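J.: The amino acid sequence is not available; the structure is as follows:
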């Protein structure tokens, strides 16, 4: 079984047409209709680099020790690419890497997480200018084209090369979009002209703009062209943001079309997800790093050839489940344990599978470092030293997280139970073996 992973950056769980009809994502929606939607999927650490470490190691940040952007993957750990390489797979990565460096520089082989085929960049917050990628030989390639479209072009180019090998493959495509600055091509911006975009009930007015560091945007922010365009206008920001989402969707459609044209469709699983969300004024906040749904919740769609019809899963799942899921899809056995679990039984409607809680953590939040547990009904976030409960919500009856139950005495027993589960998670971690 081949596996193609299509990942985006800063795309919240509601930023797809199957969640909100005004969003134009026909290709993602078609994939969701044919595959399996996970309605409660989470980033285990809603920030770019740590998420990638979660994904490629199958480990929580507190195990991998990748807490911040630009930190490298841990050494001597069986990464996802390592596991597939050892089983005779071709492994390929295209796009934003953001592990072990930043800015305009090649990515040396020892920082590539074991991927044999590689063309990407660390992080460059711009889509219209200075679009560059570095290949396996550290050769720089520059393009006079939108970064999203270049990512798609390269993904298809590499897919064609993989299709002509004698081996199955794992092909990971990581878009930078719709991460700020929101700079869609004009045709995708035009898709949302005069489109009414309702605000969620948890919205509180705030400025949407975030300056960039790679490259460093003009200071003061009033001199930044992006700030001048949307910095004080959330409505404009959202129009541009969803334009970028639709541009990604077009790319995903092109990649899926290429899979069919290369006669790979009957033996290729497709996974679509994102590293974290985008708050867009929910709870008066922007960007990510918080345990709220718009930050920590991400879309997840998995299509498996031969899957019997559309399926929707409400059980909580998370990023660290994707490594064991990929192994299961490829029928690969690795001599290490995982905190996550394969999602394939859920996709195949195994009625004997019981829901397990999801855990997440973050060390970038402006208010506090935190750890989180999400069960089928409740979500609790606590200071990372477990000293103080912070946020607790009934996710079934309060999906927009409007009523914090931490100090509600009628939920005292629920709070105590969730705290015990968090303590057990913190104290009883299973470390994977070294290579």
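T.: Sure thing, it's come through. All of these numbers come straight from a predicted model, not from anything done at the bench.
J.: so residue 382 sits in a strand?
T.: Yes. With DSSP: H, G, I helix; E, B strand; the rest coil as the criterion, residue 382 is part of a strand.
J.: Any idea what it is bridged to?
T.: Residue 382 has the following beta-bridge partners by DSSP bridges: residue 371, residue 389.
J.: Mind splitting the protein into its structural domains?
T.: 2-347, 358-427 (automatic domain parsing).
J.: could those domains be laid out in JSON lines, adding mean pLDDT?
T.: JSON lines is the format used below for those (pLDDT from 0 to 100):
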{"stretch": "domain 2-347", "mean pLDDT": "96"}
{"stretch": "domain 358-427", "mean pLDDT": "96"}
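J.: Can you tell me which of these is most buried?
T.: Of all the domains of the chain, domain 2-347 carries the top mean neighbour count, a mean of 20, counting by mean count of other C-beta atoms under 10 Å. (C-beta placed from N, C-alpha, C; glycine too.)
J.: For residue 384, which non-adjacent residue is spatially closest?
T.: Closest residue to residue 384 apart from its sequence neighbours, by C-beta to C-beta, 6 or more residues apart in numbering: residue 369 at 3.9 Å.
J.: same deal with residue 262?
T.: Leaving aside its chain neighbours, residue 262 sits nearest to residue 163 (4.4 Å; criterion: C-beta to C-beta, 6+ apart).
J.: Likewise for residue 298?
T.: Nearest residue to residue 298, sequence neighbours excluded (C-beta to C-beta, 6+ apart): residue 274, at 4.4 Å.
J.: give the contact list for the one you found.
T.: With contacts defined as C-beta atoms under 8 Å, 6 or more residues apart in numbering, the neighbours of residue 274 are 7, 8, 9, 10, 11, 12, 43, 298, 299.
J.: what about 10 Å?
T.: 6-13, 15-16, 41, 43, 46, 51, 174-175, 178-179, 248, 297-300, 319 (C-beta atoms under 10 Å, 6 or more residues apart in numbering).
J.: before we move on, what about residue 201?
T.: Contacts for residue 201 were tallied using C-beta under 10 Å, 6+ apart; they are 282, 399, 400, 402.
J.: any idea how far it is from residue 41?
T.: 22 Å (C-beta to C-beta, to the nearest Å).
J.: same check, this time on residue 165
T.: The gap separating residue 165 from residue 41 is 31 Å, by C-beta to C-beta.
J.: Likewise for residue 247?
T.: On the measure of C-beta to C-beta, residue 247 and residue 41 end up 22 Å apart.
J.: Could you do residue 335 as well?
T.: Applying C-beta to C-beta, the value for residue 335 to residue 41 is 28 Å.
J.: Residue 413 is in what secondary structure piece?
T.: Counting by DSSP states H and E, the secondary-structure element that holds residue 413 is helix 412-427.
J.: repeat for residue 170
T.: In the assignment (DSSP H and E), residue 170 maps to strand 169-174.
J.: quick one: the helices in the stretch 251-400 of the chain?
T.: 293-296, 322-330, 344-347 (DSSP state H, counting those that start in this stretch).
J.: Using CSV, lay out the ones you listed together with distance to residue 306.
T.: Formatted as CSV, these follow (distance: least, C-beta to C-beta, whole Å):
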stretch, distance to residue 306
helix 293-296, 32
helix 322-330, 11
helix 344-347, 11
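J.: Nearest to residue 208, out of those helices?
T.: Comparing those against residue 208 with C-beta to C-beta, the closest turns out to be helix 293-296 (13.0 Å).
J.: Give me the distance from that closest one to the chain's centre.
T.: Centroid displacement of helix 293-296 relative to its chain, using C-alpha atoms, centre = their mean, to the nearest Å, is 11 Å.
J.: In contact with residue 16, which residues are there?
T.: Listed by C-beta under 10 Å, 6+ apart, the contact set of residue 16 reads 23-25, 28-29, 31-32, 37, 245, 249, 272, 274, 299, 301.
J.: Swap in 7 Å and give it another go.
T.: By C-beta atoms under 7 Å, 6 or more residues apart in numbering, the contact list for residue 16 reads 23, 25, 28, 29, 299.
J.: Likewise for residue 405?
T.: 392, 393, 394, 411.
J.: now residue 204
T.: Going by C-beta under 7 Å, 6+ apart, residue 204 touches 281, 283, 284.
J.: quick one on the thing from earlier: could the contacts of residue 201 be laid out in a markdown table, adding distance to residue 58?
T.: Shown next, in a markdown table, are those (distance: C-beta to C-beta, whole Å):
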| residue | distance to residue 58 |
| --- | --- |
| 282 | 29 |
| 399 | 28 |
| 400 | 31 |
| 402 | 34 |
